[in-house]
Structure formats: structure tokens, C-alpha cells
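Sequence below, structure please.
(4 chains)
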2 protein chains.
Amino acid sequence: MNGNGASSGRSAAATRERLLDTAERLFAERGYEGTSLRALADAAEANIAAVNYHFRSKEGLLQAVVARAMTPVNAERERRLASLNTSGGHPTIEQLVRAFVEPGLDLVDHHGDRGPAVARFIGRVLFDPSPRIRQLFADQVDPVEGRYLDALRLALPAHDTDTILFGYTTMLGMLALQQAATFTPVRWRLVSGQTRADEAAAREEDRERLIAFLTAGLIHGLAR
Amino acid sequence: MNGNGASSGRSAAATRERLLDTAERLFAERGYEGTSLRALADAAEANIAAVNYHFRSKEGLLQAVVARAMTPVNAERERRLASLNTSGGHPTIEQLVRAFVEPGLDLVDHHGDRGPAVARFIGRVLFDPSPRIRQLFADQVDPVEGRYLDALRLALPAHDTDTILFGYTTMLGMLALQQAATFTPVRWRLVSGQTRADEAAAREEDRERLIAFLTAGLIHGLAR
DNA sequence: CTGTAGTTCAAACGTTTGTTTAAATCGACT
DNA sequence: AGTCGATTTAAACAAACGTTTGAACTACAG
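Here you go, the predicted structure:
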């Protein structure tokens, strides 16, 4: 048997990795349906058939990209949630918000150059119309989701299930929204010529804004 | 000249209307790219070429659907904004939120059977990956958007431009989110068998929740 | 009845889509 | 050197896409 895969023409069996990286970037920029396998293969400097060889299909590739991006996020959320529960006393709303939102936002920082692409990709997937794709994503997030809803319920004992669900959905949606960063009115952002450094600072500001906004909304913005 | 259009095989030149209604519904359910002209024509009981005859192209059809849905929303927003400005004194945050959000949410109620489809359609368009589509929508909303940002700035004089933009983007995003109603964890919603009446009641509750959440976030959740 | 403009229709256009095939090429091991 | 399994490649596949065509059909005006 061969075992690893250092192979032919190019670098190694890094073809698989290149396909993942490129898919992540193109799916983030153009969406899943908007990205053709041919454009993807070209950009990855690979053959069209390589996609069907390494992953089963285009959807298999999507699943792999989602899994690679979400696995660490899920783990980190689980870790933080457990840490909050064992540290005695009920966690505060802000602690819960941070435990959910920050692992998502950290996608950007923990992946070097690929960071922005990963985050926008996940945001896009969340908003995709296709039930198939949403199901695919839900399967990845499902287990942690249940525990979070339970924790939210404990932290907001005065509210009914619908209200809790609204709060959770809002948190999830606003996170995805910020990750997709899709429709900030462009003119305004471009008024001041932004440098690379400015972008990083703006991201940091937006992170705290998001957490503050969500915390305030959950505490002061839910009926009863 | 002919003038009107009562015509051949079927009812009238209601073909145009049927195409608009069907496109609205299918675009809402499957997204723009996910809807083929053939499936659309079948569902509308029309010929494929009818789309290119009545509208110039598939994108022309999309533009027509967006315009039909957004024109009254824009007008209503403009009307409310003007009414707030002439009634003396600065409008409150909640008044501003309502003036922006309610015309959007009213889409559901003001269109009879088509209501839910219209709202979800607009939500979907807002989250579409394609720059073309987002541009198309921006062109419809642009003029009112500027006036809203000015009003927000006046109502929140202590905050800088970035913060105002964050607040506006959040408002826009959460409205679209609720309109798309795309990723409420399905299991939870279905725990209690919901009747038609329950859905209407739940929508009314979500409306107030959204307004309260946004108001609270804008007042208590923005730094400085 | 004839003429004309508006609308519908079946059919075909040329691309592009995701997927499959079968041969070529590779590195590792005996 | 030679075999084997893993990988890459060019080529072709059928299906679906948005769009265009030209004839058929409708209704009304003269």
C-alpha cells in the first residue's frame, strides 16, 4: 500500500488541501450554487475530476469544507459552555453570549490568510436558500445547539420557550450576519480610505459592538 | 393599436401577473439562482418564452418583482420619516425603529395570500451572494437609506459614524432575518403542533420582540 | 373581409452544469 | 527492474440552463 500520498506533477497530495482552500474562498465570494466546479478547479490549479475523486461530489466537497471550519468552533463552544457550568453559580447573559459568539468570530483570527474567507463562507452557508445545504450545516451544529438553548433557558427563567428561541435565533443570525458582512452600505465604508490596519481595528470594534448589542437586547429587549 | 391586452388561450394578459406572482413565490422558496425559468413557467402555466417577452430576461423579471414589492415599502418609510420630522422635536429611537421595521413587516399583511412569499422573497434577496442582485436591490432602497442614516445620527448624537452604521446594518439585517425566517431550529418550532391561527399570533409576537430587541440594543448596546 | 399589432407557442439555439470514463503518470516497495 | 495502488489527466457524457426564433393564434380597426 501507499499510505500517504506525495504524488505527481505538483507539490504533494496537497491537491486535496488546495481544493478545500479554494472552495472555501470561492464559496465565500460567490456562494455555493454560484461556483462552478470548472472555475474552482482552475483556481485550485487542479483537474475537474479531482473534486469527484477526493470528495464524492460537489456537495461532498461542501460538506468537507463546512466540517473543517466548524469542528473547532463546535469544540470551543462546548468547552466554554462546560467551563461556565462547572465554575459554580449561573453564568451571566454576557458570558453566554461570549461563549457562543466569540468562537465564531475567532474563525477569522485562527486561520491566518484564510480567516476572512472561512468566516464569510460560514455566514453564507447559514443564509443559503437550499434545504439540503441548511440541513448539512444543521447536522454539524445540532448537538451543541441543544445545550445552548438549555443554558439560555436557565439564564432567562422568566421567559417562555418562544422568547428563548427568538433570542437564540437572533444571536445566531447576527453572528452570521457579521460573518457574511454582506450589505453594509458600501458608499459609507469607502468614504474614508481604509488601510489594512484599519480593517483589523474595525473588526475588533465590531466584535465588541456585537456582543454588547446582543447582551443588551437579551437583557432589556425581551418581553416580560 | 391594441391598448389593453385581454388575449388568447387563457384568462387575459394576466400572464404577466401570474409570472410575477409565481416568481415571487419560487424565488422566496428556492432563491433566484435555484429557480429555473422552466420550472417557473410550468408553475405559472405559461410558456418559457413568455418571461423573455414580458420582461427582458430572468434578471428583468427579478427586478420587476423587487420593484413591485419594495415600492410601497419605500413610500411608507419615506412617509413615516417625514411625519416624524415635521411633528416637532427629535424622534425617539423606538419611533425610528418602528418607522423602518414596520413597513417591512407589513409586507406580510398587505398582500393577502402572497404576503409570506413577498416577505421571504425580500429577505432572500438581501442575503443573496451575487453582487448583481445586491446592487439591483440597493438601487431600489438607496435614497431612503441616506435619510435614515441621517435621522439615526441625529437621534444618537454621542456615537460616531461607524457605530451608527453598525446600528443601521443590524436593524436591516435583523429585519431581513425575520423576513427570511430561514433557520429557526425546526425541531423546536414543531414540538407544539402549530395551527394557522398560532402562526399569525406568533408573527405578531415576533414583530414586537424584534422592535423591542432592536430598540434596547440601540439604546443600551452601543458603546460610549 | 383584410390588415395589423399584441401575445402565445413548440422547437431549437449554443453554453454551461456536475459527473463519469479510461488511459496515462506517479511514488513506493519487492 | 518491475509490479501495484494511488492519483492525475483529457475527453466525453447526458442533462439543464437562459435565450432566440419564426410561425400560429387572438382581437380589434378600417
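
got the phi/psi numbers for the residue nearest to residue A:44 when sequence neighbours are not counted?
Setting aside the residues directly before and after it, residue A:44 is nearest to residue A:22 in space (CB to CB, 6 or more residues apart in numbering or on different chains), at 3.9 Å. Yep, even glycine has a C-beta here, placed from its N, CA and C like the rest. The phi and psi values for residue A:22, taken as degrees, to the nearest 10, are phi -70, psi -40.

the helices in chain A, which residues?
Ranges of helices in chain A, per DSSP state H, are A:15-30, A:37-43, A:48-54, A:58-86, A:93-109, A:115-126, A:131-155, A:161-180, A:186-191, A:196-220.

For stretch A:83-99, buried residues please.
The neighbour-count check on stretch A:83-99 (16 or more other CB atoms under 10 Å in any protein chain shown) flags A:84, A:91, A:93, A:95, A:96, A:97, A:98, A:99 as buried.

Columns distance to chain B on top of these, output as CSV?
Rendered in CSV, the data for the buried residues of stretch A:83-99 read as follows (distance: CB to the nearest CB, whole Å):
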residue, distance to chain B
A:84, 21
A:91, 19
A:93, 12
A:95, 16
A:96, 15
A:97, 11
A:98, 14
A:99, 18
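
By mean pLDDT, flag the weakest helix or strand of chain A.
helix A:186-191 (a mean of 43; mean pLDDT, DSSP states H and E).

so the residue nearest to residue A:44 makes contact with residue A:39?
No: assessed by CB atoms under 8 Å, residue A:22 is found out of contact with residue A:39, at 9.4 Å.

Between the two, which has more neighbouring residues?
More crowded of residue A:22 and residue A:39, by other CB atoms under 10 Å in any protein chain shown: residue A:22, with 22 against 13.

any idea how far the more buried one is from residue A:40?
6 Å (CB to CB, to the nearest Å).

contacting residues around residue A:151?
If you count contacts by CB atoms under 8 Å, 6 or more residues apart in numbering or on different chains, residue A:151 has them with A:81, A:84, A:85, A:91, A:96.

and if you look at residue A:137?
Taking CB under 8 Å, 6+ apart, one finds A:66, A:70, A:125, A:126 in contact with residue A:137.

Quick check: the farthest pair among the contacts of residue A:151?
Greatest spatial distance among those (CB to CB): A:85 and A:96, at 10.7 Å.

how many neighbours does residue A:82 have?
If we define neighbours as other CB under 10 Å, then residue A:82 has 12 of them.

do residue A:33 as well
18.

In this structure it contacts residue B:33, no?
Yes: contact status for residue A:33 versus residue B:33: in contact at 4.7 Å, counting by CB under 8 Å.

Poorly predicted segments of chain A, please.
Per-residue confidence for chain A (pLDDT under 70) gives these ranges: A:1-13, A:182-198, A:224.

residues contacting residue A:31?
Here residue A:31 is in contact with A:124, A:128, B:33, B:128, B:129, B:130 (CB under 8 Å, 6+ apart).
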